[in-house]
Each structure stands twice: as C-alpha cells, then as structure tokens.
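A.B. asks: After the sequence you'll find the predicted model.
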Amino acid sequence: MGYFIVMKNQIRVRFAPSPTGPLHMGGVRTALYNYLFALKMKGQMILRIEDTDQSRYVEGAEEYILKSLEWCGLKFEEGPHLGGEYGPYRQSERKKLYNIYVDKLIKSGVAYYAFDTEKELDQMRVNLKKAGVQSPQYNQITRQNMKNSLTLPVEEVDKKLSNNEEYVIRIKMPRNQTIKFKDKIRGWVSFSTNHLDDKVLYKSDGMPTYHLANVIDDYLMKISHVIRGEEWLPSAPLHVFLYESFGWEKEMPEFAHLPLILNPDGDGKLSKRDGDRLGFPVFPILWKNIKTNVNIEGYREKGFLPEAFINMLAFLGWNPGNNQEIFSLEELIKEFSLEKVGKSGARYNYQKKRNGLINNI
Ligand code: GLU
C-alpha cells in the first residue's frame with residue numbers, strides 16, 4: 001500500500017464533470033488544459049464523476065464523457081473506469097465519507113441544520129423583495145428569522161432530528177471577513193463574506209451538494225491544482241472557507257479559473273443555441289439521447305480529426321506566444337503553461353478556425 005501513497009509536491013489534477021448531459025466543447029477544453037498541465041509537470045490526471053445531484057442525472061452521459069475524451073486522445077491515470085488508490089471515483093459511491101465530514105462541521109459550529117420548508121423559503125424571498133432586496137439570500141442576517149438550529153431551542157432541534165424531519169445543512173458564513181486567494185490565472189482575488197450566502201452543503205436525501213463533495217474529494221484525492229472554468233470562480237471563496245474550516249489550509253490546492261469561451265459575437269458564453277443558429281457543432285462526438293431519441297452530431301461527424309479539434313480547443317484561451325498555429329499533442333504538452341492562459345473570454349469563430357485548420361493541414 002505504501003507504494004501508492006502520493007509523494008509530497010506531486011502534481012495531481014482532476015477533471016470532474018457532472019453527468020447532466022453531453023460534454024460541451026468548453027468541458028473538453030477544461031479536460032485538455034488539465035491534461036496538458038499534468039503531463040508537462042509529470043503529474044497525474046484523474047477523472048471524477050460528480051453525480052450527487054440525482055435530479056439532473058442524464059442516462060448515458062457518463063459513457064459519453066468517457067468516449068469523447070477517448071476520441072480526443074486524453075488519458076487518465078485514475079477514474080471510475082480504471083480504479084485507483086483514492087477511489088471510488090464516482091461521488092454517489094462516496095456517501096459515507098461525506099457524512100463523517102459534515103458531522104465535523106456541525107460539531108465545530110461552522111455548519112447548522114435548517115428545517116425551512118419550500119413554502120417558507122418562498123415566503124422569505126417574497127418578503128425580502130417587498131422590502132426592496134433585489135436578490136434575496138439565506139445569509140448572516142436573514143437566517144436569524146428562519147427555522148434552523150441557530151434560532152430554535154436545542155430540544156426542538158433534537159426532536160426534529162430524531163423524528164426524521166426534512167432538513168438541509170448550511171454553512172454558517174461569518175460576517176465582515178475577507179476571503180482571499182491567489183488564482184494562477186487571475187492573480188489575487190478577494191471576496192467579502194458579507195456578500196456570500198449560507199449555501200446548502202448537505203441535503204436530507206443523504207447526498208452532499210457539489211460544494212461539500214468537491215472540497216472533500218479534492219482533499220482526499222490529494223489534488224494539487226484545481227483547473228476549471230470561470231463559472232466556478234464565485235464558488236471558490238466558499239471552497240477556501242471550507243478548507244480553512246476543516247483545518248486543511250496547508251493541503252489546499254492552487255486554483256486556476258479558465259476564461260469563458262464566448263460565442264462568435266463575443267456577447268455571451270458559447271452555447272448549443274449559438275451552434276444551432278450558426279451551423280456548427282458544440283459537442284465532440286455524436287450524442288444520442290436515449291430518452292428522446294434525438295441525435296446531435298459532433299466534430300467527429302463533421303469530419304474533424306481529433307488532432308485538429310484538440311489543436312483548435314488549445315487556442316481558445318491559451319496562446320504559445322509565437323506564430324506557430326499547428327501543434328501536435330506532444331508539442332502542446334511541451335509548450336503549455338498556465339501563465340500563458342489569458343484572463344479575458346476567448347471568442348470562438350468556427351468559420352475562421354475551420355478555414356485556418358484546412359489551410360494548414
Ligand atoms: N462538477 C463540476 C462541473 O460539472 C466541476 C467543477 C469543478 O471542477 O470544481 O463542471
């Protein structure tokens with residue numbers, strides 16, 4: 001067993017998709033940058049399936065993710081399909097672990113039980129809107145008027161728990177603190193806790209939410225760098241706060257939030273709708289929706305070679321700093337660095353990219 005223990009300073013990255021549908025090209029780019037970084041640094045690349053939100057689970061999505069990445073030539077060292085020392089690699093199979101850790105947060109007073117019903121939560125939102133609050137939140141102030149273990153007498157909380165009443169566990173975000181961390185792409189970023197809400201960490205169906213499971217798994221799987229899309233930047237202060245609350249500051253991974261891939265007009269995140277509107281694929285390979293029987297073609301069906309697709313994705317946010325436009329995967333590994341990833345959104349122009357590749361290959 002000792003042989004498998006990760007060495008100190010070992011680079012370990014993970015690609016952590018949720019099986020909520022087909023993998024979008026933005027997701028493939030995230031996997032690619034993780035892969036390039038891992039190989040360049042002689043590190044390890046792990047696949048983790050984040051399937052804690054059962055209501056959003058789509059049949060066939062996990063298989064599609066694996067097939068797409070295989071077509072792209074991106075390989076993993078550990079994952080649900082490969083096993084490994086830090087498994088299981090599917091979050092739905094790790095439930096017991098999350099229970100242990102969420103209990104620790106409750107015991108140390110960093111998290112609390114909340115028993116509010118949907119109706120009560122809706123009422124809170126309505127009341128706050130009436131009072132002029134634009135985006136109502138369950139937070140340091142509003143929690144004081146809600147039904148939770150901070151406001152109810154201990155006996156009542158115990159009674160509710162032993163009666164198996166529905167509850168969620170929320171983080172107790174403190175007031176007037178600043179959470180700061182250094183992002184490898186954005187530099188120092190800081191957030192005031194007064195703008196952060198008491199996010200749900202754990203639901204009464206026995207499943208953690210993304211935030212809790214993600215942090216616990218990155219810690220237990222000894223992840224050294226979290227490289228993911230910019231849409232996760234607003235969640236990062238909560239993640240940093242969780243590392244601190246568990247006393248894992250020293251093990252906290254470094255963060256790198258990748259710029260968004262923008263549509264050809266540059267006025268929004270590239271979506272499937274943009275692809276439909278302008279006639280280009282947004283998925284790597286054919287997606288067959290088992291439930292609806294709808295088939296959507298990907299880059300592979302449009303005649304792209306995986307090398308060309310990968311080459312094109314590499315340039316969506318990264319730039320080698322010279323004029324070379326065509327790179328093999330080996331060359332990309334050699335040249336890639338997070339320092340050369342830009343901060344601003346990368347506009348995707350399919351026609352231009354396609355013509356460039358055709359003229360050069
Ligand atoms: N499960 C998240 C997703 O679907 C992962 C975000 C992360 O990498 O932390 O993108």
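C.D. replies: Structure received. Residues are numbered from 1 along each chain as shown.
A.B. asks: Nearest residue to residue 295 in space, please, no chain neighbours.
C.D. replies: Among residues not flanking residue 295 along the chain, residue 288 sits closest, at 5.2 Å (Cβ to Cβ, 6 or more residues apart in numbering). In this view, the C-beta of every residue, glycine as well, is placed from N, C-alpha and C.
A.B. asks: Touching, that neighbour and residue 60? I think so.
C.D. replies: Yes. Using Cβ atoms under 8 Å, residue 288 is in contact with residue 60, at 7.2 Å.
A.B. asks: if you count what's nearby, which of these two comes out ahead?
C.D. replies: Shown here are residue 288 and residue 60; by other Cβ atoms under 10 Å, residue 60 has more neighbours (16 against 13).
A.B. asks: The more buried one: what's it in contact with?
C.D. replies: Applying Cβ atoms under 8 Å, 6 or more residues apart in numbering, we find residue 60 in contact with 288-290.
A.B. asks: Can you flag which of these belong to strands?
C.D. replies: Per DSSP state E, strands hold the following members of the contacts of residue 60: residue 288.
A.B. asks: Could you restrict the contacts of residue 60 to the ones contacting the ligand?
C.D. replies: When Cβ under 6 Å from any ligand atom is applied, no member of those is adjacent to the ligand.
A.B. asks: In JSON lines, list the contacts of residue 60 along with distance to residue 168.
C.D. replies: Converted to JSON lines, those look like this (distance: Cβ to Cβ, whole Å):
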{"residue": "288", "distance to residue 168": "36"}
{"residue": "289", "distance to residue 168": "31"}
{"residue": "290", "distance to residue 168": "31"}
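A.B. asks: Can you pull the poorly scored residue ranges out of this protein?
C.D. replies: Across the chain, residues meeting the criterion (pLDDT under 70) sit at 1-8, 355-361.
A.B. asks: near the ligand, which residues of it?
C.D. replies: So far as Cβ under 6 Å from any ligand atom goes, the chain lies against the ligand at 16-18, 50, 210, 214, 228, 232.
A.B. asks: Next up, identify which helix or strand the residue lying farthest from the centre of the chain is on.
C.D. replies: When distances are taken from the C-alpha mean of the chain, residue 155 lies farthest, 38.2 Å away, according to Cα atoms, centre = their mean. With elements taken from DSSP states H and E, the one containing residue 155 is helix 154-162.
A.B. asks: Give me the helices and strands touching that helix, please.
C.D. replies: strand 111-114 (3 or more Cβ pairs under 8 Å, 6 or more residues apart in numbering; DSSP states H and E).
A.B. asks: Helices of the stretch 1-150 of the chain, residue ranges please.
C.D. replies: 25-40, 61-72, 95-107, 118-130 (DSSP state H, counting those that start in this stretch).
A.B. asks: quick one: the first one to helix 61-72, angle?
C.D. replies: To tie it back to what came earlier, the one meant is helix 25-40. Using axes from the mean of the first three to the mean of the last three Cα atoms, to 10 degrees, the inter-axis angle of helix 25-40 relative to helix 61-72 is 60 degrees.
A.B. asks: Can you point out the buried residues in helix 25-40?
C.D. replies: Of the residues in helix 25-40, 25-40 count as buried by neighbour count, 16 or more other Cβ atoms under 10 Å.
A.B. asks: again with the third one
C.D. replies: Of the residues in helix 95-107, 97-98, 101-102, 105-106 count as buried by neighbour count, 16+ other Cβ under 10 Å.
A.B. asks: Any chance of TSV for the residues of the chain next to the ligand, columns distance to residue 9 and neighbour count?
C.D. replies: Listed next are the residues of the chain next to the ligand as TSV, based on distance: Cβ to Cβ, whole Å; neighbours: other Cβ atoms under 10 Å:
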residue	distance to residue 9	neighbour count
16	22	25
17	27	23
18	30	19
50	26	18
210	28	18
214	22	25
228	21	23
232	25	17
